[in-house]
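Novice: Got a predicted structure plus its sequence, pasted below:
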Amino acid sequence: MRLLDRMLSRFVTTGSLSVIDADGGRHAYGRAGEAPHAVMRIHDRRLYRALVLNPELKLAEAYMDGAVTFEEGTSVKDFLTLFSRNRSGLGKALSQSLLRRFWKFMRRRHQHNDVRKAKRQARHHYDLKTDLYRLFLDEELNYSCAYFPTRDVSLEEAQRAKHRHAISKLALEPGMSVLEIGGGWGAFAIHLARAGARVTSLNVSPEQIAIARERVAEAGLDDRVTFVEKDYREFEGAFDRVVSVGMMEHVGIGYLDAFFARVRDLLAPRGFAFIHSIGRMSPPGTTGPFYRKYIFPGGYVPALSETFAALERQGLWVADTEMLRLHYAYTLQEWQKRFEANRDKVAALYDERFCRMWEFYLYATELGFVDGSNMVFQLLLARERDAVPITRDYMVDAERALARRA
């Protein structure tokens with residue numbers, strides 16, 4: 001406990017943490033009574049060393065396994081909030097500084113995403129039972145950042161607003177061809193088809209494609225939407241528009257150039273692309289060990305500097321950029337509410353360990369947008385400098401028109 005005690009004494013400078021060790025002893029860190037506050041009980045002495053060596057992974061695993069619990073009215077979210085507010089101090093510890101250097105050195109190996117491996121890693125997350133996602137997503141099964149015109153709109157309306165916001169940027173004309181990279185359960189494809197487009201949607205998840213096809217059929221849009229089970233690197237063609245929502249985070253640091261080169265090559269001469277992705281406003285980093293092992297193997301949230309450098313190398317014009325800073329935090333808060341309300345049903349689908357793992361994931365991800373450097377960016381990319389209208393007025397006009405029709 002001595003090494004852990006020393007690390008926590010240096011780590012907690014904002015808020016307060018009480019730790020009850022495996023022998024019942026109580027240890028206090030930070031400023032007594034100051035929020036955020038958490039009370040953590042460690043049930044296994046072997047965790048002392050593990051938490052010092054790799055706290056981000058081992059704390060998550062201990063919580064999943066029940067070897068760490070939170071008491072006296074506090075929760076894992078309280079602890080993660082405390083962790084988030086004090087995160088910079090953790091990196092000052094020698095063990096953590098060395099660990100982060102190692103992760104950075106290994107990040108290209110961690111994110112090795114050739115076609116075969118990328119498919120397998122995507123299915124790790126997206127081929128979970130669709131009934132799980134129905135328990136916390138909106139009715140259209142959108143699993144990406146919503147758009148909140150005001151904070152008090154429902155999740156369903158915020159997701160519809162996201163589609164209107166995206167489609168307003170595309171300057172669609174009836175019959176235009178649109179390629180979607182990463183189609184999810186078909187929601188965006190349906191909205192694009194209703195806006196008059198002919199949509200080809202790529203996805204490597206058979207589970208998602210099966211549901212998406214059902215939803216498109218129910219909407220009566222079979223003749224306007226085609227689903228293809230292929231990686232973006234396996235597909236060729238020329239399209240008036242290329243769109244990608246929430247997929248670029250799975251590309252990996254070593255594949256940004258390949259991704260943007262494929263986007264470029266899939267565009268018709270006067271076409272342009274819409275890319276929506278989580279990014280970071282901080283310098284390039286790494287994917288945390290919990291996410292890498294349990295949630296999104298091979299995934300990476302790119303820095304803007306990495307993204308724009310890759311675009312420069314591929315000769316693409318960035319015709320428009322927009323930053324959504326807090327919209328994903330609000331989205332995650334809505335997902336958390338629904339997950340918590342349906343926790344018993346999630347446990348029936350999987351088990352208690354899975355519930356804890358996903359609680360940890362949803363809470364930690366929200367805090368990345370509240371206290372960390374994460375945000376969402378939307379880009380319009382073109383091969384020709386004037387492919388996109390030269391003022392943004394058309395977007396505002398189109399979005400208002402779509403809202404009136406809705």
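Specialist: Structure received.
Novice: ok, Asp386 - how many residues close by?
Specialist: If you count neighbours by other CB atoms under 10 Å, Asp386 ends up with 10. Heads up, the C-betas are built off the backbone N, CA and C, glycines and all.
Novice: and if you look at Glu214?
Specialist: Neighbour count for Glu214, taken as other CB under 10 Å: 12.
Novice: where's it, which helix or strand?
Specialist: Per DSSP states H and E: Glu214 is located in helix 206-218.
Novice: buried ones in that helix?
Specialist: 207-209, 211-213, 215-216 (16 or more other CB atoms under 10 Å).
Novice: Show me where the stretch 51-200 of the chain has its helices.
Specialist: Per DSSP state H, counting those that start in this stretch, the stretch 51-200 of the chain carries helices over the ranges 55-65, 76-90, 94-110, 115-126, 130-134, 155-168, 187-194.
Novice: the inter-axis angle of the second one versus helix 55-65?
Specialist: Looking back up the chat, that one is helix 76-90. Here the directions of helix 76-90 and helix 55-65 differ by 160 degrees (axes from the mean of the first three to the mean of the last three CA atoms, to 10 degrees).
Novice: Need the contact partners of helix 76-90.
Specialist: 10-17, 30, 36-38, 40, 55, 63, 70, 96, 356, 359-360, 363-364, 367-368, 370-372 (CB atoms under 8 Å, 6 or more residues apart in numbering).
Novice: And the helices of the stretch 51-200 of the chain, which one averages the lowest pLDDT?
Specialist: The weakest mean pLDDT among the helices of the stretch 51-200 of the chain belongs to helix 94-110, with a mean of 65.
Novice: Let me know the closest of the buried residues of helix 206-218 to Gly186.
Specialist: Ala212 (3.1 Å; CB to CB).
Novice: measure the closest one to Tyr133 for me?
Specialist: Distance of Ala212 to Tyr133, computed by CB to CB, to the nearest Å: 12 Å.
Novice: overlap in contacts of the two?
Specialist: Here Ala212 and Tyr133 have Trp185 as joint contacts, going by CB under 8 Å, 6+ apart.
Novice: can you tell me the helix or strand for the nearest residue to Leu326 once chain neighbours are set aside?
Specialist: Nearest residue to Leu326, sequence neighbours excluded (CB to CB, 6 or more residues apart in numbering): Phe369, at 6.5 Å. Counting by DSSP H and E, the element that carries Phe369 is helix 352-370.
Novice: The host helix or strand of Gly271 - what's its average pLDDT?
Specialist: Assigned by DSSP H and E, Gly271 belongs to strand 267-280. Strand 267-280 comes out with an average pLDDT of 97.
Novice: I'd like the distance between the residue nearest to Thr130 when sequence neighbours are not counted and Tyr363.
Specialist: Nearest non-adjacent residue to Thr130, counting by CB to CB, 6+ apart: Ile211, 5.4 Å away. Plainly put, Ile211 is 27 Å away from Tyr363 if you go by CB to CB.
Novice: Ala319 too?
Specialist: 36 Å.
Novice: and what of Tyr294?
Specialist: As judged by CB to CB, Tyr294 and Tyr363 stand 14 Å apart.
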